[in-house]
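1. give me a model of this one.
(2 chains)
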Amino acid sequence: MMNLFDFAKKAHKLLPGHRSCAGCPAPIVARAILSATDDEVVVSNATGCLEVVTTIYPQSSWNIPFIHNTFENAAATISGVETAYRSLKKSGRINQNRKIRFVAFGGDGGTYDIGLQSLSAALERGHTFTYVCYDNEGYMNTGGQRSSATPIGANTTTDPVGEVRVGKQESRKDLMKIVAAHHIPYAAQASLSNWPDLLKKAQKALSTEGPSFLLVLSPCVAVWKIKPDMAVELSRLAVDTCFWPLYEIEDGKFRLNFDPAGNKLPIAEFLKHQGRYKHLLEPKNKKLLDRLQAEVDHEFEKIKKLSEIGISVF
Amino acid sequence: MQKKALTGAGASAEAMRQINPDVVAAYPITPQTPIMETFAKFVNDGKVSTELIRVESEHSAMSAVIGASSAGARAMTATSSVGLALMFEVVNAASGMRLPITMPVVNRALSSPINIHCDHSDTMACRDAGWIQLYSENAQEAYDNMFLAQKLSEHPEILLPTMIMQDGFITSHSVEPVEVLDDETAKSFIGSYNPEHSLLLSKKPVTFGALQLFDYFFETKRQQELAMDNVWRFYYSIADELTQLTGRQYPLAEPYHTEDAEVILVALNSAASTIKAVVNKLRKQGKKAGLLKIRLFRPFPYSEVSQHLQKVKSVGVFDRSYSFGANSPLLSEIISSLFGLEQAPKVQGYIFGLGGRDLLEADIEKAFEELFQGKTSFEKKYLGLRG
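-> Numbering: from 1, shown residues only, chains lettered A, B, ... in the order given. Modelled structure (predicted):
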């Protein structure tokens, strides 16, 4: 396993100089995942923060072939690139020895919402590619609108905290299990706070034959309203509160990678650093907070149990 | 060269078989035309080496084809009607990224009301999307235009996608004799595709689809327009090369008895055939009727059209689609072609055939009759409309 020192020395596929906000973890996530293979990589990227900050013409931070098409089609686009690779290899225009991996990046808007159909179909067709969703729980590139990845109670610009409705009232969409329902060989949820775990999952995903999927939390400095040095810490608190369980679904088998057990923190520890949840810790919103806590507990226990049973859900 | 009995859709599929693209992606929307079904059979029978991606929507069809084309592959799709409407967003992305994708389109009405029969509202809605647009009178042209399209699109000074139209059902489902090139001749005409920039074949990594704001976007769009202008520069050398093989001519706007005509009708696609029959009939009666059929709608051949029309008394323009609240698409271009002429002919617009309504010879005769009498107005006139 590569350590951080080795990582720093690597020839990176995503170079510095991009225009992301100070402290934004999305490029770190992308760079870390792409470092997990020495094969050639081609990236497709849904419209969103990562795409916008890395490809402002006439510059590009991508030191590897890169395509941004539109918002909802990163998976369909990479499936076209991957198919072209197979076709050109078949006709001898690409050397038989060249091994290329295909990675699509999308935020939660481009994945949970508008890109879900395109993702679902690409998974069903079984292309060999890795889809990475960096999940910042809303449309952060455009100022923080609600997505189906936004948690209960969050304050967003399209579902703000008002007099009669206190932010988002609906639960997050369970994307991991939607993806797993396509019976793909590998899906994993990871966090920047646990580097070896993230790297191991990226290596697995990038050596899978067929589709693989990574879901990585990406705390947004600007819209979560956190301090610029807090993104990794927030990622850690998300894991320690069990809000963001680290787990894999490999050939249908769940594996919980980390259980804080006795050190599990209440959800408020994750929320209290974030401006978007300021209201949720007020006593009058206790009901909503309790609902979020109950949901977090339930989801974690479910993953834990599925992991213990050890049978394939496929 | 041999003659085959093919539908228009079959003729397009036959051309696709001979072009043998590296990647095709398609979706069977409401329903897809027999172009894709015929081609899918070619794939599964091993008649082509194409990788076929069976996507879940027209939007993804174009998205995947954009991925494949940017990767360095020769890539195609086919669509019709609301399928084209669904892919509209990425239709623009394809031309903006300067990808030489080719796409046969079977012209059919847009919803609502849901219809499925022929009119041109689908491709006219895409006339400003930066694609070259070729219209086909019959199955033979649907076939020939595929080859023109491929060469135009891939020309290094052009690099724009092309859609190749034919009329839904009227052409797409009617069997006609079609002269088909030998496979080897077709293959050598098309040649190989070696893009200068691509994701998989370029030595240096390339970024496709970058963000351009107010500082560069305008210049990029201007380059797209210059590429469209280049269609004029290279069209006839490509068309002449094809003529060498087929013996058929491919004028941008095809004149039919226009030299001495007093009245000329202008039309796209299969309506031209019906109008030709009426012109023949009127000529026998000594009436100086003519037709100008537009093959290339984007870029629009203004000067050729103007040359053909400038001396006539009146011009009738047949549109199979609306531009609601404005002059219909073809009418608008014809008026532009004639603008500024000292003695411009009078122009009358006719709307006909929406949602597959038949265009009858009697309707065409009626239009000619009015125009011979010099009856024109700024009002839209209708053929085959009740009430």
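
2. the one helix or strand B:Glu141 maps to near chain A at all?
-> Assigned by DSSP states H and E, B:Glu141 belongs to helix B:139-154. No. Using CB under 8 Å from any CB of the partner chain, we find that helix B:139-154 stays clear of chain A, coming within 15.1 Å at best. C-beta coordinates here come from the backbone N, C-alpha and C atoms, glycine included.

3. next SSE after that helix?
-> strand B:162-167.

4. next secondary structure element downstream of that following strand?
-> strand B:175-180.

5. what strand or helix carries the closest residue to chain A within chain B?
-> Shortest chain B-to-chain A distance, computed as CB to the nearest CB: residue-wise this is B:Gly67, at 2.6 Å. Using DSSP H and E, B:Gly67 sits within helix B:58-71.

6. what's near enough to touch the closest residue to B:Pro28 other than its chain neighbours?
-> Leaving aside its chain neighbours, B:Pro28 sits nearest to B:Met36 (6.8 Å; criterion: CB to CB, 6 or more residues apart in numbering or on different chains). Shown in contact with B:Met36 (CB atoms under 8 Å, 6 or more residues apart in numbering or on different chains): B:Ala13, B:Ala26, B:Pro28, B:Ala78.

7. over to B:Met36. Which of the three states is it?
-> helix (DSSP: H, G, I helix; E, B strand; the rest coil).

8. and the gap between it and A:Thr55?
-> As judged by CB to CB, to the nearest Å, B:Met36 and A:Thr55 stand 33 Å apart.

9. before we move on, back to that, name the SS class of the residue nearest to the residue of chain B closest to chain A when sequence neighbours are not counted, please.
-> Take B:Gly67 and drop its neighbours on the chain: the residue closest to it by CB to CB, 6+ apart is A:Gly80, 2.6 Å away. The three-state label given to A:Gly80 by three-state DSSP is helix.

10. show me where the stretch 201-314 of chain A has its strands.
-> A:212-217, A:247-250, A:253-256 (DSSP state E, counting those that start in this stretch).

11. what pairs with the longest one, parallel or antiparallel?
-> So that's strand A:212-217. strand A:130-135 (parallel), strand A:186-190 (parallel) (DSSP bridges).

12. and the last one, how far out from the chain middle?
-> This means strand A:186-190. Remark: strand A:186-190 is offset 9 Å from the chain centroid, using CA atoms, centre = their mean, to the nearest Å.

13. quick one: secondary structure of B:Glu254?
-> strand.

14. element containing the closest residue to it other than its chain neighbours, please.
-> Nearest residue to B:Glu254 in three dimensions, chain neighbours excluded: B:Lys293, at 4.4 Å (CB to CB, 6+ apart). According to DSSP H and E, B:Lys293 maps onto strand B:289-294.

15. before we move on, the earlier item: list the contacts of the residue nearest to B:Glu254.
-> B:Glu137, B:Ala253, B:Glu254, B:Tyr256, B:Val266, B:Ala267, B:Leu268, B:Ala272.

16. cutoff 10 Å now
-> B:135, B:137, B:141, B:251, B:253-256, B:265-269, B:271-273, B:275-276 (CB atoms under 10 Å, 6 or more residues apart in numbering or on different chains).

17. re the thing from before, any chance of the strands paired with strand A:212-217 in TSV, with mean neighbour count and mean pLDDT too?
-> Formatted as TSV, the strands paired with strand A:212-217 follow (neighbours: other CB atoms under 10 Å in any protein chain shown; pLDDT from 0 to 100):
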stretch	mean neighbour count	mean pLDDT
strand A:130-135	28	98
strand A:186-190	26	98
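
18. can you list those in TSV and add distance to B:Leu199?
-> TSV is the format used below for these (distance: least, CB to CB, whole Å):
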stretch	distance to B:Leu199
strand A:130-135	16
strand A:186-190	24
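
19. tell me which of the ones you listed lies nearest to A:Gly106.
-> Each of the strands paired with strand A:212-217 has some distance to A:Gly106 by CB to CB; the shortest is strand A:130-135, at 5.6 Å.

20. and the next helix or strand past the closest one?
-> helix A:175-180.

21. thinking again about what came up before, what packs against the next helix or strand along the chain from the strand holding B:Lys293?
-> For strand B:289-294, the following helix or strand on the C-terminal side (DSSP H and E) is strand B:296-298. Secondary-structure packing of strand B:296-298 (3 or more CB pairs under 10 Å, 6 or more residues apart in numbering or on different chains; DSSP states H and E): helix B:121-124, strand B:132-135, helix B:139-154, strand B:162-167, helix B:217-246, helix B:329-338.

22. let me see the mean pLDDT of strand B:296-298.
-> The average pLDDT for strand B:296-298 rounds to 98.

23. strand partners of that strand, parallel vs antiparallel please.
-> strand B:132-135 (antiparallel).

24. ok, and for stretch A:265-285, which residues are buried?
-> By neighbour count on 16 or more other CB atoms under 10 Å in any protein chain shown, the buried set for stretch A:265-285 is A:Ile267, A:Phe270, A:Leu271, A:His273, A:Gln274, A:Arg276, A:Tyr277, A:His279, A:Leu280, A:Asn285.

25. and the last one, how far from A:Pro266?
-> Just to be clear, that refers to A:Asn285. 15 Å.

26. also the fourth one?
-> In this structure, A:His273 and A:Pro266 are separated by 13 Å, where distance is defined by CB to CB.

27. which ones are touching B:Glu37?
-> Here B:Glu37 is in contact with B:Ala9, B:Gly10, B:Ala13, B:Ala26, B:Pro28, B:Pro31 (CB under 10 Å, 6+ apart).

28. contacting residues around the nearest residue to the second one once chain neighbours are set aside?
-> I take that to be B:Gly10. Nearest non-adjacent residue to B:Gly10, counting by CB to CB, 6+ apart: B:Thr38, 5.8 Å away. Shown in contact with B:Thr38 (CB under 10 Å, 6+ apart): B:Leu6, B:Thr7, B:Ala9, B:Gly10, B:Ala11, B:Ser12, B:Ala13, B:Glu14, B:Met16, B:Arg17, B:Ala78.

29. and the pLDDT for the fourth one?
-> Each residue has a pLDDT score; the one for B:Gly10 is 98.

30. OK, contacts around it?
-> B:4, B:34-35, B:37-38, B:139, B:142-143, B:172-173, B:175-176, B:178.

31. pull out the buried members of those.
-> B:Pro34, B:Ile35, B:Thr38, B:Ala139, B:Ala142, B:Tyr143, B:Ser172, B:Glu176, B:Val178.

32. does the fourth one touch B:Met146 like I think?
-> No. When contacts are counted by CB atoms under 10 Å, B:Ala139 is not listed as touching B:Met146 (11.3 Å).

33. quick one: common contacting residues for those two?
-> With CB under 10 Å, 6+ apart as the test, B:Ala139 and B:Met146 both reach B:Ala11, B:Ser12, B:Glu14.
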